[in-house]
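J.: fold the stuff below for me.
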Amino acid sequence: MGLFLSGYCKLYRIESKQEYIDKINFFIEKINNSVNKEYSGACWGYNFDWQARAFFQPKSTPTVVATTFIASALMDAYEIIGEDQLLKMARSACDFIIKDLNRTYDENGNFAFSYSPLDKSVVFNASLLGSRLLARVYSFTQEKELIDEAKKSVSFCCDNQRTDGSWGYGILPFHQWVDSFHTGYNLECIAGYMKFSKDFSYKKNLERGFDYYINRFFTQKGVPKYYNNSIFPIDIHSSAQLVITLSKVGKFLDRKELLDSVLHWTISNMQSNKGFFYYQVNKYFSSKIPYMRWAQAWMFYALATYIYEESKISQEILYPL
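T.: Model prediction:
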């Protein structure tokens with residue numbers, strides 16, 4: 001719901017149609033009705049049990065990932081329609097992050113937020129997503145606590161960046177793989193933190209990470225790789241995340257040739273003639289299950305972002321400064 005909300009906010013910025021406002025209000029209502037009220041602040045989780053590699057999450061367990069994407073979408077809507085309740089809801093989500101998530105500290109006093117209140121895992125993209133939301137809300141409220149906590153998390157994650165610019169998924173021995181879309185999360189979150197905080201201490205981390213990302217996860221034919229050392233499985237999220245990462249780090253126009261190649265390949269090989277996108281393409285078989293969250297919501301948000309970035313280019317051509 002958060003991804004669809006963000007996507008419709010992008011479309012409204014292109015053309016202020018009433019139908020987009022109606023969709024925005026529809027998803028805001030659905031999101032408001034699905035808040036988990038058992039924690040310190042507004043939070044959300046998946047409506048099903050799920051097993052990760054490091055932990056089990058029962059149905060409705062709130063996570064920093066789901067919560068931050070939803071709260072960020074509410075901030076997108078707030079910037080369009082200006083309803084104070086949207087900012088208040090996003091600020092409430094910051095209380096969940098600060099008060100309910102566990103922390104793993106390093107020797108410098110920096111830390112990573114846990115994935116949920118039930119685990120103590122260190123997953124870099126999850127912690128950075130929390131940091132970005134804190135920084136974004138700070139840009140409106142100017143609360144020092146929010147930006148101080150965000151910076152400590154960003155510092156922890158950047159200190160764990162590898163010398164080649166990559167990140168493993170986390171710090172556990174079985175979290176050492178390097179994949180495309182989680183790397184994209186890391187990059188967009190560091191870029192977002194710097195944008196909202198005006199603290200550009202991590203510019204070199206972003207540059208090294210972006211160089212690794214753009215050079216290791218996409219073939220010359222536009223095939224999006226899942227892992228740094230393997231093409232398969234080709235996952236729809238890898239394609240979607242490229243659009244979002246390039247937009248968030250300000251590289252959309254610079255890498256548009258690659259982006260167009262990846263999207264053409266994705267539409268040709270991973271979109272049904274019925275319109276929905278497949279989950280994964282593997283070497284010997286494909287999974288064409290039309291997952292709503294993993295495939296459809298992400299590609300909707302990605303394509304809306306692409307159209308939005310295209311509209312900005314057109315406006316600059318028509319009305320140069």
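
J.: how about the strands in the stretch 151-300 of the chain?
T.: With DSSP state E, counting those that start in this stretch as the criterion, the stretch 151-300 of the chain has strands at 234-235, 280-281, 286-287.

J.: same question, the stretch 1-150 of the chain
T.: Under DSSP E, counting those that start in this stretch, the stretch 1-150 of the chain gives strands at 50-51, 56-57, 103-105, 111-113.

J.: of those strands, which stretch is the most buried?
T.: A comparison of these by mean neighbour count, using mean count of other C-beta atoms under 10 Å, puts strand 111-113 on top with a mean of 26. C-beta coordinates here come from the backbone N, C-alpha and C atoms, glycine included.

J.: that older thread, looking at the strands of the stretch 151-300 of the chain, spot the one closest to Ile70.
T.: Each of the strands of the stretch 151-300 of the chain has some distance to Ile70 by C-beta to C-beta; the shortest is strand 234-235, at 22.0 Å.

J.: still on that earlier bit, turn the strands of the stretch 1-150 of the chain into JSON lines, including mean pLDDT and distance to Asp254.
T.: Below are the strands of the stretch 1-150 of the chain laid out as JSON lines (pLDDT from 0 to 100; distance: least, C-beta to C-beta, whole Å):
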{"stretch": "strand 50-51", "mean pLDDT": "88", "distance to Asp254": "37"}
{"stretch": "strand 56-57", "mean pLDDT": "88", "distance to Asp254": "38"}
{"stretch": "strand 103-105", "mean pLDDT": "98", "distance to Asp254": "35"}
{"stretch": "strand 111-113", "mean pLDDT": "98", "distance to Asp254": "31"}
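
J.: contacting residues around Trp44?
T.: By C-beta atoms under 8 Å, 6 or more residues apart in numbering, Trp44 lies in contact with 2, 31, 34-36, 62-63, 66-67, 70.

J.: narrow these to those in helices?
T.: Those of those mapping onto helices are 2, 31, 66-67, 70, per DSSP state H.

J.: burial measure for Trp167, as a count.
T.: 25 (other C-beta atoms under 10 Å).

J.: still on that earlier bit, return the most buried member of the strands of the stretch 151-300 of the chain.
T.: Highest mean neighbour count among the strands of the stretch 151-300 of the chain (mean count of other C-beta under 10 Å): strand 234-235, a mean of 24.

J.: packing partners for that one?
T.: The contact analysis (3 or more C-beta pairs under 8 Å, 6 or more residues apart in numbering; DSSP states H and E) places strand 234-235 against strand 280-281.

J.: and for the strand it packs on, what are the contacting residues?
T.: Here strand 280-281 makes contact (C-beta under 8 Å, 6+ apart) with 232-236, 269-270, 286-287.

J.: tell me the one of those nearest Leu187?
T.: Asp235 (17.4 Å).

J.: for that closest one, list each beta-bridge partner.
T.: Gln280 (DSSP bridges).

J.: so, low pLDDT: which residues of the chain?
T.: Counting by pLDDT under 70, the chain has low-confidence residues at 315-321.

J.: how close does Ala191 get to Ala93?
T.: As for Ala191, its distance to Ala93 is 20 Å (criterion: C-beta to C-beta, to the nearest Å).

J.: and the two? Which one has more around it.
T.: Shown here are Ala191 and Ala93; by other C-beta under 10 Å, Ala93 has more neighbours (30 against 22).

J.: phi, psi for the nearest residue to Gln176 once chain neighbours are set aside please.
T.: Leaving aside its sequence neighbours, Gln176 sits nearest to Gly168 (C-beta to C-beta, 6 or more residues apart in numbering; 4.4 Å). Backbone torsions for Gly168, taken as degrees, to the nearest 10, come to phi -70, psi 170.

J.: do Pro117 as well
T.: The phi/psi pair for Pro117 (degrees, to the nearest 10) is phi -70, psi -10.

J.: roughly how far apart are it and Asn33?
T.: From Pro117 to Asn33 the distance is 22 Å (C-beta to C-beta).

J.: coming back round to it: adding distance to Asp159, write the strands of the stretch 151-300 of the chain out as JSON lines.
T.: JSON lines is the format used below for the strands of the stretch 151-300 of the chain (distance: least, C-beta to C-beta, whole Å):
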{"stretch": "strand 234-235", "distance to Asp159": "28"}
{"stretch": "strand 280-281", "distance to Asp159": "33"}
{"stretch": "strand 286-287", "distance to Asp159": "37"}
